[in-house]
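A.B. asks: Next come a sequence and a model predicted from it.
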Amino acid sequence: MNKLFFSILLSAILFGCGGGGGGANVNEGDNVLNQKKPQPYKLDSTEIASSITNITYKLDIYVPVEYQAGGAPLPVIYASDGQWRSNSYKGILESSGVSAVLVAIHEGPKSRRNIDYLTPGVYDYYEFLTQELIPFVESEYSVLPTNRTLVGHSYGGAMSFYSMLIADPNRSYFDNFVSADPSVADTETLLKLEEERFHLSKKMNSRMILTGAMKGGNGPDVEMAYAYMQNRKYEGLNITLIKQDVTHDHSADQTFKDALPLLFP
């Protein structure tokens with residue numbers, strides 16, 4: 001299915017329906033960080049060698065300074081592109097007052113994200129996340145296995161979106177997916193993955209926050225992807241679209257700011 005046909009199809013969907021249940025379409029600025037008390041975080045740096053992708057990934061793991069091993073379990077956020085986003089996400093998390101464990105995953109060798117975050121490499125990367133990284137983190141930190149979030153921007157945003165679609169309907173490892181101005185112009189891939197997922201199960205008990213950068217970013221493609229997912233009316237899927245008046249590069253941090261109060265009210 002080419003992009004022109006996809007655009008025509010999605011225009012018909014947008015005109016013909018108001019979206020499926022459980023979704024929302026908001027503008028940047030409608031959500032602001034809550035007024036929880038800011039708190040400092042501390043960094044644990046480590047790495048993990050994957051036998052699935054054969055890549056060693058550096059990890060920046062941030063926990064509240066008051067966190068204690070064996071204490072009350074916290075939500076856990078897995079964020080891609082840690083080589084770029086680690087420090088800014090940590091600062092946003094501190095300002096938000098949210099208590100969570102942030103696992104910022106570096107891409108590995110330069111440009112490895114071009115393999116891990118897109119098809120077909122995303123299948124192995126998702127297996128690495130679920131079969132190696134999650135067990136490692138949960139063996140070292142007190143986190144909630146029922147409150148895992150996967151965050152990505154650009155190619156990483158596509159990875160987050162794809163991960164939601166390729167997840168086993170009977171064994172979802174992530175509860176929340178945050179996809180910041182994802183690179184979803186490859187509509188053929190997106191539709192193929194979604195079609196396969198739809199035929200497996202019409203239930204998708206997930207929360208998704210999808211953002212589109214409207215200043216020369218991927219906003220139009222993101223809007224179409226959102227409309228398509230809404231039209232499918234997956235049972236249990238709660239999807240929010242936030243249209244941001246920012247450029248593609250600024251969407252990552254803006255999305256993290258927008259997502260925190262929605263995920264952790």
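C.D. replies: Done, it's in. Residues are numbered from 1 along each chain as shown.
A.B. asks: Quick check: buried residues in stretch 76-93?
C.D. replies: 76-82, 84-86, 89-90, 92-93 (16 or more other C-beta atoms under 10 Å). Backbone N, C-alpha and C define where each C-beta goes, glycine included.
A.B. asks: And for that stretch, what's in contact with it?
C.D. replies: With contact meaning C-beta atoms under 8 Å, 6 or more residues apart in numbering, stretch 76-93 is reached by 41, 43, 58-60, 62, 100-107, 113, 117, 129, 133-134, 137, 141, 143-144, 147-154, 156, 159-160, 174, 252-253, 256-257, 260.
A.B. asks: Can you show me the helices along the stretch 151-265 of the chain?
C.D. replies: 155-166, 187-200, 219-232, 248-263 (DSSP state H, counting those that start in this stretch).
A.B. asks: Those into TSV, with extra columns for mean neighbour count and mean pLDDT?
C.D. replies: Shown next, in TSV, are the helices of the stretch 151-265 of the chain (neighbours: other C-beta atoms under 10 Å; pLDDT from 0 to 100):
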stretch	mean neighbour count	mean pLDDT
helix 155-166	25	98
helix 187-200	16	95
helix 219-232	21	96
helix 248-263	22	98
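A.B. asks: right, and those - which one's nearest residue 181?
C.D. replies: Nearest to residue 181 among those is helix 248-263 (3.9 Å), distances taken as C-beta to C-beta.
A.B. asks: With just CA atoms, put that closest one into CSV.
C.D. replies: The C-alpha coordinates for helix 248-263 follow below in CSV (Å, rounded to 0.1, in the frame of the first residue of the first chain):
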residue,chain,number,x,y,z
HIS,A,248,11.2,17.2,15.4
ASP,A,249,14.4,17.6,17.4
HIS,A,250,12.5,19.3,20.3
SER,A,251,9.7,16.8,20.4
ALA,A,252,11.6,14.2,22.5
ASP,A,253,11.9,16.3,25.7
GLN,A,254,8.5,17.9,25.1
THR,A,255,6.9,14.5,24.8
PHE,A,256,8.5,13.3,28.0
LYS,A,257,7.2,16.4,29.8
ASP,A,258,3.7,15.9,28.4
ALA,A,259,3.6,12.1,29.1
LEU,A,260,4.6,12.1,32.8
PRO,A,261,1.5,13.7,34.2
LEU,A,262,-0.7,11.5,32.0
LEU,A,263,1.1,8.3,33.1
